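1. got a sequence here, can you model it:
(chains A and B)
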Amino acid sequence: MKTLSPTRQALNYTALIVVTVFMLLPFVWVFFGSFKTQSEFLGNPGAWFPESFQIDNYIQLFADREFGSYMMNSFVVSGVAIVGNVLFSAMAGYALAKLRFRGKNVVFPLVIVSMIVPYVALFVPQFVVVVQMGLVNSLVAIILPVLILPLCVFIMRQFAHGVPFELMEAARLDGAGEGRLFFRIFLPLTGPGLATVAILSFLTSWNNFLWPLVVAQSQDTYTAPVGLSVASQASNTISFGLLLAGAVVVLLPILILFLFLQKYFIQGVATAGLK
Amino acid sequence: MHTYPSSRRRATMLGIALVASSALLLTGCGRGDDAPAAGGDSTTVDDKPATGTLEIWTQGADGAELPQMFEKFKADNPDVEINMTQIPEAEFASKMTAAITAGTVPDLIYSFTETQSSLIATGGFDPVPDGLVDKDDFFEVIWDNSVYDDVAYGVPWYAYSDMVIYRTDLAEAAGAEAPKDWDGLRTFGEKLKESGVEYPLALYAAYDSYTARQLLTFAAQNGGSFISDDLSEWTINSPENVEALEYWSGLIKDGLASPDGPAFLDTVSWSTTGKNAAIIDGGPWFVGWFDDANGEGWADEHLSLSTMPVGPEGDAATTVGGGSWFVPTDSENKDAAWKFARFMSEPASQVEWFQIFKNMPAVKSAWEDPALADDRLLATVEAGLETGITLPKVSTWSQVGTVIGEQMEKVVRGGLSAQDALDAAQQQAESIGMGN
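-> Below is the predicted model of the structure:
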């Protein structure tokens, strides 16, 4: 591998630091803004730092509103989405890469096509199906569309190709059935792919706004983004501090999950397209 | 000037509206074909106490305080149970459309003036029952806002009008008087500019449907309108409207107003620091915001209020807003819903709600209550309500308004003439249609 000169390296690092700082600036403003009062926003909206760090916005977020239950709904939806995607996309990926069955060459292109179709076009049939099933205003309705994401199937199918056929054949010769092959051989070897799927499915379901907004018809079934939109409303304006405090709270689970799984995630994204 | 949903929210709203409309067509379970109901085949509502469960969907901050009114309603209607759900304001109309599609509507909603057209166009709402309220009790402009094909669908709840809010101290220092007409507004701006105020007039220049609404107000002051009286065709490029755009854009081109703001959050700070001296077409809540930002009493000390200037021929027009109550056709407890709407429009309830939330009554007689009668802010709002104008009452207004806003930007930034800009807007509006 070619080694960069110290000057070139310094330039690269400087450029990366500058870009990183620019990308982080909005988050920094959001974080400090969550400690500001409404009058600070109205008086000097461009200020970076609060006059005094007060946590009233956070207290109000959880005390006066039902934000805690919205967060819980989001955790349930996202938790089930992770489990569903990890399990089902791994199964689909395994089947598409390692099994022979009629129509296999049609199924995978269909998965790819479903990734290309704009979300709005998918939204309509999804909504009609949920209405016909009588699932409107339930967490099940919110979860269903994110239970198995085409992108996750694609990622796991790519990872499955990296699992050697020889290993699988050896296990088969030793008498392992498909279930044992899948759980004991396949899954442990696709860890980075599963981590990527977990993060992507969490991000998708956690950030989803449009679908839960339309499907959830009472506050009992609101998720955090929808609830945050309600909680931030105040007299003829937006309660900015409350909104930013909510944004920070909503951001935290994503940050924590990414910090724990980033090694696998980067590995997974970097290698998914190479198989 | 108003609070404006972000472009992301508007995009979301548009997306949901598209989705909901498509779903409505696909499922065939909506009532798009017969909407809005013609002829006013309304029922009557008796004076017996309401019973059963009443599901109310609310939006905006009003919903958080509304339960205080529930208690008063339940005092006279002990057998009614009220369930309330708060919906994010920016997505309310779209969500309601989806609910109509799914047939899972609440019993009662309120809608702000901006979204009434698109909601009523779904055909999912009942006409106001005969004799429920007397339309003459309300300000005409807020009543008319929910009248389609001579059928009233909404019971007005509250109303406000916009105004000129200006810095008294800066105006005095510049020797400028409150603007009474178009010439006066320009003179006011020029004098303050000479005295050192960078951008004397704060116009809303974000170039969207709200900007178009501001132009509509100026156009009406000039005898113009964006739509024909029978709502059958767009009249965006009429000579009166072109003149209004030339006047409005001239204020910006001559440096009396900035095309770059104040956009939203910085409105109060621009006026507080003297970068602006007057908010033109500003909502009444701005006065309270100045106190919030600068301390109690700041507004009284520094601000004066005035109704919107009249046009060259003396025509007055003011932007108005507010909210009205609507009962979905699929409501399961229409009786209780209309009774609650009637209760909220009673003068005593109107005053009570003003005291709780500071929303101003839609019922004229409520303004005579001592709680409202002597307030200088309210006097200006009340005067504006008498000259208020409604938005074009077609479901495509939001789309067309955005097109007009985009063309307005080309005039102040791109050097396009007002005539060419409105010709282009007219052409696009005609291709969008009226939504019927």
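
2. quickly find the element holding residue 141.
-> Chain wasn't specified; assuming chain A. A:Ala141 belongs to helix A:139-143 when elements are defined using DSSP states H and E.

3. could you do chain B instead?
-> Short version, using DSSP H and E: B:Val141 is in helix B:140-144.

4. gap between the next helix or strand after that helix and the chain center?
-> On the C-terminal side of helix B:140-144, the closest following helix or strand by DSSP H and E is strand B:147-148. Here the centre of strand B:147-148 is set off from its chain's centre by 16 Å, with Cα atoms, centre = their mean, to the nearest Å.

5. note down every partner strand of strand B:147-148 and its orientation.
-> Each strand paired with strand B:147-148, and its direction, by DSSP bridges: strand B:151-152 (antiparallel).

6. which stretches of the chain have low pLDDT?
-> Here I'm looking at chain A. A:1-2, A:64-65, A:232-238, A:267-275 (pLDDT under 70).

7. actually, chain B is the one I wanted.
-> In chain B (pLDDT under 70), the answer is B:1-43, B:436.

8. residue most distant from the centroid, it?
-> When distances to the mean C-alpha position of chain B are computed (Cα atoms, centre = their mean), the maximum falls on B:Asp79, with 35.0 Å.

9. you'd agree it is up against B:Leu54?
-> No. Using Cβ atoms under 8 Å, B:Asp79 is not in contact with B:Leu54; the gap is 10.9 Å. (C-beta placed from N, C-alpha, C; glycine too.)

10. which elements pack onto the helix or strand in which A:Ser74 is found?
-> Per DSSP H and E, A:Ser74 falls inside helix A:67-98. Contacts defined by 3 or more Cβ pairs under 8 Å, 6 or more residues apart in numbering or on different chains; DSSP states H and E place helix A:67-98 against helix A:104-116, helix A:139-143, helix A:150-161, helix A:191-207, helix A:224-231, helix A:240-272.

11. packed most tightly, which of those helices would that be?
-> Neighbour counts (mean count of other Cβ atoms under 10 Å in any protein chain shown) averaged over each of those peak at helix A:224-231, with a mean of 25.

12. so A:Phe123 touches A:Leu210, yeah?
-> Yes. With contact defined as Cβ under 8 Å, A:Phe123 counts as touching A:Leu210 (7.1 Å).

13. mind checking which of the helices and strands packed on helix A:67-98 is nearest chain B?
-> helix A:224-231 (3.6 Å; Cβ to the nearest Cβ).

14. report whether that closest one contacts chain B.
-> Yes. Against chain B, helix A:224-231 shows contacts by Cβ under 8 Å from any Cβ of the partner chain at A:Val226, A:Ser229, A:Val230.

15. what do you get for stretch A:144-156?
-> No. Using Cβ under 8 Å from any Cβ, stretch A:144-156 stays clear of chain B, coming no nearer than 12.8 Å.

16. now do stretch A:27-44: everything it contacts.
-> Stretch A:27-44 is contacted from outside by A:47-51, A:53-58, A:234, A:239-241, A:244-245, A:247-248, A:251, B:265, B:268-269, B:272, B:289, B:292-294, using Cβ atoms under 8 Å, 6 or more residues apart in numbering or on different chains.

17. got the residues of chain A near chain B?
-> Near chain B, when you scan chain A using Cβ under 8 Å from any Cβ, you find A:38-39, A:41-46, A:120, A:123-125, A:127-128, A:131-132, A:136-137, A:209-210, A:213-214, A:217-219, A:226, A:229-230, A:233-238, A:240.

18. cross these against helices and list the overlap.
-> A:38-39, A:41-43, A:120, A:123-125, A:127-128, A:131-132, A:210, A:213-214, A:226, A:229-230, A:240 (DSSP state H).

19. measure the nearest residue to A:Val107 once chain neighbours are set aside to chain B for me?
-> Ranked by Cβ to Cβ, 6 or more residues apart in numbering or on different chains and with sequence neighbours excluded, the top spatial neighbour of A:Val107 is A:Leu96, at 6.6 Å. Here the criterion is Cβ to the nearest Cβ, to the nearest Å. By it, A:Leu96 lies 31 Å from chain B.

20. isn't A:Leu96 right next to A:Phe108, touching?
-> Yes. If you go by Cβ under 8 Å, A:Leu96 and A:Phe108 touch, sitting 5.4 Å apart.

21. what touches both of the two?
-> What both A:Leu96 and A:Phe108 touch, as defined by Cβ under 8 Å, 6+ apart, is the set A:Arg157.

22. burial measure for residue 175, as a count.
-> Answering for chain A, as no chain was given. Counted with other Cβ atoms under 10 Å in any protein chain shown, the neighbours of A:Gly175 add up to 7.

23. wrong one, chain B
-> Around B:Gly175 there are 10 residues (other Cβ under 10 Å).

24. which non-adjacent residue is nearest it?
-> B:Lys191 (6.1 Å).

25. which residues are contacting the helix or strand where the one you found lies?
-> Element membership of B:Lys191, judged by DSSP H and E, is helix B:182-194. Here helix B:182-194 makes contact (Cβ under 8 Å, 6+ apart) with B:166, B:170-171, B:174-179, B:200-201, B:221, B:247, B:250-251, B:255-257, B:277-278, B:280, B:309-312.

26. residues near residue 66, how many?
-> Just so you know, I chose chain A. When counting by other Cβ under 10 Å, one arrives at 17 neighbours for A:Glu66.

27. let's do chain B instead
-> If we define neighbours as other Cβ under 10 Å, then B:Leu66 has 19 of them.

28. mind checking how far it is from chain A?
-> 12 Å.

29. over to B:Pro392?
-> From B:Pro392 to chain A the distance is 24 Å (Cβ to the nearest Cβ).
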